[in-house]
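*Asks:* just the structure for this:
(one chain, ligands or ions: 1)
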Amino acid sequence: MITHAYYREKLASVYDRMYPFIEVDTGHTVDLLSRLVPPPARVLELGVGTGRLALPLADAGYRVRGIDGSAAMLARLKEKDPEGRVEVELADFTSSHTGGTYDLIFTVLNTFFSAVTREQQLGCLRLVREQLEPEGRFLMEVFEPTLFHGLDQPSFSVRHLGDKGVMLDMLSVDRSRQLMVGTHTVIDGGVPETTQHVVRYAFPSELDLLAELSGLRLVDRWGDFTGQPFTSASHRHVSVYARADHEPR
Ligand SMILES: C[S@@+](CC[C@H](N)C(=O)[O-])C[C@H]1O[C@@H](n2cnc3c(N)ncnc32)[C@H](O)[C@@H]1O
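*Replies:* Have a look, this model is predicted:
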């Protein structure tokens, strides 16, 4: 069984082309984070990747630290940030304390589900609680698993990687363990390469329970980064937690 989901070289090399329509979401995310905890707050991103959000947040005046287990992804971030506006750390966010505390900690694009056991997810949330300032906020964006949980057969799709490549994505689900295995084959001119990526999905109610066990409580949940309500039609959620030992602001 794969025990971590760090992005290896091939995935890192195409990552910034994997989500061609994400700029709009990036803008909404920066806006929402700024309303939640305005700059110049201290921010930690779990799974910072190539800096899609960390760099605009640093430009907006935040003091940003990013943690990622993938040297290949951090190398891409460094290329875009030669002056080191974002502090980075090569480590596992389910088990590593950064040594600091933050006003805002966040993780997006299903990265939280990369912690592939309940224990790892709890480990991550406990570390979030330890590193969160008393008035701080933790934001997580993940998919709502109903559709995938009901998947009886592997699902197959193709995504374009700009005009020079494609990625073949196959998804299969082991309902009994809440695991989703993604098999991604990149065809972009060189030797095609396949990587596997496992995530452990959880329903919002389980996430809230794990958060409670870690000393956090839910304060808001939306269906996207524009603040649309989370309803039974939502395919993802943006959830915000605060420290349970602290009165709501
Ligand atoms: C979907 S990407 C998100 C990147 C970036 N946050 C963004 O929004 O574009 C997930 C990132 O999380 C990293 N990652 C996954 N599991 C991790 C873990 N347990 N510890 C540290 N990094 C992890 C991967 O290497 C990858 O860079």
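
*Asks:* list the buried residues for stretch 194-201?
*Replies:* Residues of stretch 194-201 classed as buried by neighbour count (16 or more other C-beta atoms under 10 Å): 195, 197-201. Heads up, the C-betas are built off the backbone N, CA and C, glycines and all.

*Asks:* try stretch 229-245
*Replies:* Buried-residue list, stretch 229-245, by 16+ other C-beta under 10 Å: 230, 234, 236-243.

*Asks:* hmm, Thr231 is touching Asp224, no?
*Replies:* No. Counting by C-beta atoms under 8 Å, Thr231 does not reach Asp224; the two are 11.1 Å apart.

*Asks:* what sits against Val64?
*Replies:* Neighbour list for Val64: 43-45, 54, 57-58, 85-87 [criterion: C-beta atoms under 8 Å, 6 or more residues apart in numbering].

*Asks:* please, which helix or strand holds it?
*Replies:* Here Val64, judged by DSSP states H and E, is contained in strand 63-68.

*Asks:* quick check: mean pLDDT of that strand?
*Replies:* For strand 63-68, mean pLDDT rounds to 98.

*Asks:* quick one, which of the contacts of Val64 are buried?
*Replies:* 43-45, 54, 57-58, 85-87.

*Asks:* got a list of what Arg221 touches?
*Replies:* Arg221 sits next to 204, 230, 237-240 when contact means C-beta under 8 Å, 6+ apart.

*Asks:* now, among those residues, which is nearest to Tyr62?
*Replies:* Checking the contacts of Arg221 against Tyr62 by C-beta to C-beta gives Val240 as the nearest, at 16.7 Å.

*Asks:* now the helix or strand harbouring the closest one, how far from the centre of its chain.
*Replies:* Secondary structure from DSSP H and E places Val240 in strand 236-243. Put simply, strand 236-243 sits 12 Å off its chain's centre (C-alpha atoms, centre = their mean, to the nearest Å).

*Asks:* swap in stretch 109-128?
*Replies:* Here stretch 109-128 shows a centroid-to-chain-centroid distance of 10 Å under the convention C-alpha atoms, centre = their mean.

*Asks:* remind me, longest strand of the protein?
*Replies:* Scanning the chain for the longest strand, with DSSP state E as the assignment, gives strand 132-143.

*Asks:* partners of that strand, with directions?
*Replies:* strand 102-107 (parallel), strand 236-243 (antiparallel) (DSSP bridges).

*Asks:* could those strands go into TSV alongside mean pLDDT and distance to Arg175?
*Replies:* Shown next, in TSV, are the strands paired with strand 132-143 (pLDDT from 0 to 100; distance: least, C-beta to C-beta, whole Å):
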stretch	mean pLDDT	distance to Arg175
strand 102-107	98	24
strand 236-243	98	19
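
*Asks:* tell me the residues of the chain that contact the ligand?
*Replies:* 4-7, 47-49, 52-53, 67-70, 73, 92-94, 108-109, 111, 114-115 (C-beta under 6 Å from any ligand atom).

*Asks:* with that, I have no additional questions.
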